[in-house]
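Trainee: I'd like to go over a predicted model; first the sequence, then the structure.
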Amino acid sequence: MEKKIVLIPGDGIGPEIVREAKAVLAHVAEKFGHTFSFTEIDMGGCSIDRYGEPLTDENLQKAKESDAVLLGAVGGNAETSPWYKLAPSLRPEAGLLKIRKELGLFANLRPAFLYPELAAACPLKPEQLANGFDLVIVRELTGGLYFGERHTEKVNSVETAVDTLVYTEPEIRRIAIKAFEAATKRRKSLISVDKANVLDTSRLWRRVMEEVGKDYPDVKLSHMLVDNAAMQLVYNPGQFDVIVTENTFGDILSDEASMVTGSIGMLPSASLNETKLGLYEPSHGSAPDIAGQDKANPLATILSAAMLLRYSFDMETEARAVESAVAAVLRDGYRTPDIYTEGTKKVGTREMGALVRERI
Ligand code: NAD
Ligand code: IPM
Ligand code: MN
């Protein structure tokens, strides 16, 4: 049966990395006898330039009617791009928040894994990596500060900005279930990260995690405050298996975790709801500083395409074939500039994509 994939190249390096991931998916379809159709839509700055808004309802509808969505990245340089002169609701990132909310993508899985071949690209000392590094961050994606009410006003003639952090019990419960399920399939350790020493939302978070944990007696649940978690991630990253956390903390900790893998260009993600329709994207942004130079690492996007095969299409063998091909390319010594170290072979975005496809 044909599978409909909506591609969102977006801005900056987005079109370059999505081009490579699309070619990988097309290659998988051919090798394994599947039919994938591809439809491209605009989102982010490119959509603003074309339609005056970061995601039109018509394009959103195309995403809703697809079997899976693969995104590059959206956004530009906040200092120089005219997009950031627009009202916040019309800026590139608003398109991303709109699609996440409209598709109900509350669970964002960000697996971070240090390929042994990339140890030299990891800034930590070898002894800190003694326990390896293989974790998944389960980030709540449709609540918290990102979606609470916000406004800026003058209070007693003082410019005042307000962002609201809200979580409801059902929102916490459903992400808890996703996290416990993920832990069940892994090393059965779940660390819930919060700021329960200060925030009410975190105190509710902790209580619900404990309650849901009763249904998963073989998963060891513990709690860690987010400041400590940020420190522990670089001090002893091997202690983590699954981390579950709220939207903002997950955003920050996942960028931090990505550096342990060698580069933000290595970190894929899957944004899921309760259906098969998911959105897959690298965890990094549009990297305007290297856009259009064939320097971007396409592996995070290619690994996101592998997650698409796994979670939206139930194609585990195909997903593993892609992941093994990425491992093989690294074993063979090929590196984009972000993961380049002495003695390895530097390649561009295009060549990296081709090298992966050759190995599938
Ligand atoms: P960024 O992730 O785009 O870049 C941070 C640094 O990492 C830069 O030096 C960049 O060159 C490098 N980098 C990122 N991806 C890389 C890759 N694949 N290969 C090699 N190097 C890579 O973060 P930023 O600079 O803070 O944000 C730039 C824009 O991207 C902003 O407009 C931001 O809002 C947007 N953004 C979008 C998404 C998304 O679409 N999901 C995610 C994060 C940031
Ligand atoms: C990410 C990005 C987005 C986020 C931005 C661009 C809205 O940083 O996907 O990690 O904060 O969720
Ligand atoms: Mn981020």
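Mentor: Looks like it arrived, so ask away. Ligands and ions are numbered 1, 2, ... in the order given.
Trainee: please make it C-alpha for all contacts and neighbour counts, starting now.
Mentor: OK.
Trainee: relative to Ile137, how far out is the residue nearest to Lys220 when sequence neighbours are not counted?
Mentor: Nearest residue to Lys220, sequence neighbours excluded (Cα to Cα, 6 or more residues apart in numbering): Ser189, at 4.8 Å. The spacing between Ser189 and Ile137, counted by Cα to Cα, to the nearest Å, is 12 Å.
Trainee: contacting residues around the residue nearest to Lys220?
Mentor: 183, 219-221, 240-242 (Cα atoms under 8 Å, 6 or more residues apart in numbering).
Trainee: buried members of those residues into PyMOL, please.
Mentor: Per 16 or more other Cα atoms under 10 Å, the buried members of those correspond to this PyMOL selection:
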select buried, resi 183+219+221+240+241+242
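Trainee: which among the contacts of Ser189 gets closest to ligand 1?
Mentor: Val242 (21.4 Å; Cα to the nearest ligand atom).
Trainee: what residues does this structure have near ligand 2?
Mentor: 93, 251, 283 (Cα under 6 Å from any ligand atom).
Trainee: does the first one sit in a helix or strand, and which one?
Mentor: Element membership for Glu93 (DSSP states H and E) is helix 92-102.
Trainee: other residues contacting that helix?
Mentor: Under Cα under 8 Å, 6+ apart, the answer for helix 92-102 is 43-45, 48, 53-55, 60, 74-76, 83, 88, 106, 141-142, 271.
Trainee: buried residues in it?
Mentor: Residues of helix 92-102 classed as buried: 92-100 (neighbour count, 16+ other Cα under 10 Å).
Trainee: just stretch 43-57 next, same as before
Mentor: In stretch 43-57, counting by 16+ other Cα under 10 Å, buried: 43-48, 53-56.
Trainee: ligand 2: which of the residues you listed is nearest?
Mentor: Gly44 (9.8 Å).
Trainee: get me the contact residues on the chain for ligand 1.
Mentor: Counting by Cα under 6 Å from any ligand atom, the residues of the chain close to ligand 1 are 73-77, 93, 264-265, 283-287, 289-290, 296-298, 338.
Trainee: so which of those residues are in helices?
Mentor: Glu93 (DSSP state H).
Trainee: buried only: go through the residues of the chain next to ligand 1 for me.
Mentor: 73-76, 93, 264-265, 283-287, 296-298, 338.
Trainee: show me where the stretch 1-150 of the chain has its helices.
Mentor: Using DSSP state H, counting those that start in this stretch, the helices of the stretch 1-150 of the chain run over 14-32, 45-51, 57-64, 92-102.
Trainee: circling back: from the buried residues of helix 92-102, which is closest to Thr164?
Mentor: Taking Cα to Cα as the measure, Thr164 lies nearest Leu97 of the buried residues of helix 92-102, at 15.9 Å.
Trainee: how about the contacts of Ser189, which pair is most distant?
Mentor: Spanning the widest gap among the contacts of Ser189 are Val219 and Phe240, at 13.2 Å by Cα to Cα.
Trainee: so what sits against both of these two?
Mentor: In contact with both Val219 and Phe240: 189-190, using Cα under 8 Å, 6+ apart.
Trainee: CA atoms only for the helix holding Glu93, dumped as PDB, please.
Mentor: The C-alpha atoms that make up helix 92-102 are tabulated as PDB, following Å, rounded to 0.1, in the frame of the first residue of the first chain:
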ATOM      1  CA  PRO A  92       8.800  31.000  11.500                       C
ATOM      2  CA  GLU A  93       8.800  29.100  14.800                       C
ATOM      3  CA  ALA A  94       5.000  29.700  15.100                       C
ATOM      4  CA  GLY A  95       4.500  27.400  12.200                       C
ATOM      5  CA  LEU A  96       6.300  24.600  14.000                       C
ATOM      6  CA  LEU A  97       4.300  25.200  17.200                       C
ATOM      7  CA  LYS A  98       1.100  25.200  15.100                       C
ATOM      8  CA  ILE A  99       1.800  21.800  13.500                       C
ATOM      9  CA  ARG A 100       2.800  20.200  16.800                       C
ATOM     10  CA  LYS A 101      -0.400  21.500  18.500                       C
ATOM     11  CA  GLU A 102      -2.700  20.700  15.600                       C
END
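Trainee: could you work out the most separated pair of the buried ones among the residues of the chain next to ligand 1?
Mentor: Glu93 and Asp338 (24.3 Å).
Trainee: could you report the neighbour count for Leu141?
Mentor: Neighbour count of Leu141, defined by other Cα atoms under 10 Å: 26.
Trainee: what about it, distance to Thr201?
Mentor: The value you get for Leu141 to Thr201, if Cα to Cα is used, is 15 Å.
Trainee: and if you look at Thr160?
Mentor: 23 Å.
Trainee: ok, the two, which is more surrounded?
Mentor: Neighbours were counted for Thr160 and for Thr201 using other Cα under 10 Å; Thr201 has more, 19 against 11.
Trainee: any stretches of the stretch 101-250 of the chain with poor pLDDT?
Mentor: Within the stretch 101-250 of the chain, the set of residues satisfying pLDDT under 70 is empty.
Trainee: ok, which stretches of it are strands?
Mentor: 107-113, 134-140, 150-155, 158-163, 189-194, 220-225, 242-245 (DSSP state E, counting those that start in this stretch).
Trainee: contacts for the third one next, please.
Mentor: For strand 150-155, the external contacting residues (Cα under 8 Å, 6+ apart) are 159-164.
Trainee: which of those sits closest to ligand 1?
Mentor: Nearest to ligand 1 among the contacts of strand 150-155, with distances taken as Cα to the nearest ligand atom, is Asp163, at 17.7 Å.
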